[in-house]
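Asks: make a model of this:
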Amino acid sequence: MRNMWRIFAHTFRVRAGAKSFIVSTAIMLIVVLVALSLPRIIDFFGSGEADINSLAVVNQSESLQLPEEAAGIELHTYAQEDQAEKAWNSGETDGYLLFENNGSEYLGSLYTDDEAGETVQALSTGIQQTHVSQYAEELGISGEEVQNITAPVQIAESTEEAEGSGGSSTEEGFNLLSYAVVFVIYIYSLMCGIMIAMQIAKDKEQRVMEILISSASPVQHLFGRAFGVSAIWLFQMALVAVTAVIYVNVTGLDNITSLISATGGAAVSTWIYAVVFLLLGIVLYGTLYAMVGSMAAKTEEVQNFSQPLTFLLVGAFILSNFGLAAPGNIFVTASSFIPFFTPFTMFVRTNALDVPWWQIGISIGLTLALVAAAAWFSVRLYRGSVLVYSGDSFSRRVKQARELARKK
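Replies: Predicted structure coming up:
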């Protein structure tokens, strides 16, 4: 056991001090901070909205009644369009607005130096309110009656599952939490698994095994390397997460803060399930990738040998995204009991539906059983293949490793 922790500490120390780890961490931090600041960046560079304080207005409509001010913009009336355009060009106004006589419709054209953006909608609303109020006053309709007539009808959408299956949460914060957890499971399982396989294959390729097995058993080396690589990735993600939380709180990003506050309303059980299924996914796929690495004689073979696992991970992630929209779907429900998909789809279901406890227990039990079986099989293969450097196919190497493991 002591030798395993020595290998773990050595792996963590070497990885943490590597230039690739420092660069990748810096890039990840920059990407996350830029993504969090994206709304402000878009507003700063991409808004391009004109600063409108006054407009020259030409009203060719006989029935439209215009106010002197709307949406905080002063409206100066002119008889001809060329007069309004001249006022704009001379700097007296920030643009001009032309209303043409088009029967019962009121169609206006706004001319400014830059795009007006939301100002157009605000200006249109202000003019319409004034027009309606003046007409209502002429017809003897009170302001309260006008508000009742023009009050919008709003419909809030919500869905409910059939009795016995529980209710679903449509809160944006909960959907964000589900997507964030499954995304972390996917990225962490994929990158960490590949790094474990690459590290083990690299040791074999550089003939480091001959030295290591003289001081530690193959099993101690396997788990020491796997734990070390997993720990360095966990440290990196924790560093990024803490930095992101501090950045959001310090800069006061309202949109991001509101989403985080929404996820904070999740039940304690939701956060427990998030940790449980995150660990299940990492341990399961980390063990499988370690087995792949033990079969590879050099690092170039890891990518080819790990393709089935990569496809499986991508499929699980895509399925979980489908589950976000339809958590009660029979296909999503069935996949939540398949250990390869359980960490993804079962968490989505628990966060969206009231899943019976026995279903959660069965899915976790099946996943743990597969993890134990994969770990046992990986250890047996690793014992038999630790000093095998043949160039045979993957299936032949597995067969050879099993035969060597029996002899030991």
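Asks: which SS state does Gly91 fall under?
Replies: Applying DSSP: H, G, I helix; E, B strand; the rest coil to Gly91 yields a three-state assignment of coil.
Asks: could you shift the numbering so residue one becomes 19, and keep it that way?
Replies: Okay, residue one is now 19; in that scheme the one you just asked about reads as Gly109.
Asks: need the contact list for it.
Replies: Shown in contact with Gly109 (Cβ atoms under 8 Å, 6 or more residues apart in numbering): no residues. Bear in mind the C-beta positions are built from the backbone N, C-alpha and C, glycine included.
Asks: okay, it: pLDDT?
Replies: On pLDDT, Gly109 comes in at 80.
Asks: before we move on, what about Leu337?
Replies: At Leu337, pLDDT is 91.
Asks: right, and it touches Thr360 too?
Replies: No - taking Cβ atoms under 8 Å as the definition, Leu337 is not a contact partner of Thr360, at 11.1 Å.
Asks: please say which of those two ends up with more neighbours.
Replies: When Leu337 and Thr360 are compared on other Cβ atoms under 10 Å, the one with more neighbours turns out to be Thr360, at 26 against 20.
Asks: which ones are touching that one?
Replies: Thr360 makes contact with 295, 298, 354, 381-382, 384-385 under the criterion Cβ under 8 Å, 6+ apart.
Asks: could you do Gly158 as well?
Replies: Contacts for Gly158 (Cβ under 8 Å, 6+ apart) come out as none.
Asks: ok, Cys210 touching Gly304?
Replies: Yes - when contacts are counted by Cβ under 8 Å, Cys210 is listed as touching Gly304 (5.9 Å).
Asks: more neighbours: which of these two?
Replies: Each of Cys210 and Gly304 has its neighbours counted (other Cβ under 10 Å); Gly304 has more, 26 against 23.
Asks: what's the mean pLDDT across stretch 374-389?
Replies: According to the model, stretch 374-389 has a mean pLDDT of 91.
Asks: residues in contact with that stretch?
Replies: 291, 294, 298, 301-302, 305, 354-358, 360-361, 364, 368.
Asks: make a PyMOL selection of the buried ones in these.
Replies: Only the buried members of the contacts of stretch 374-389 end up in this PyMOL selection, burial being decided by 16 or more other Cβ atoms under 10 Å:
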select buried, resi 291+294+298+301+302+305+354+356+357+358+360+361+364+368
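Asks: quick one, helices of the stretch 169-318 of the chain?
Replies: Under the criterion DSSP state H, counting those that start in this stretch, the stretch 169-318 of the chain carries helices at the ranges 190-223, 227-230, 236-269, 272-281, 286-313, 318-323.
Asks: the stretch 19-168 of the chain now?
Replies: Taking DSSP H, counting those that start in this stretch to define them, one finds helices in the stretch 19-168 of the chain at 20-35, 37-64, 99-107, 136-157, 161-168.
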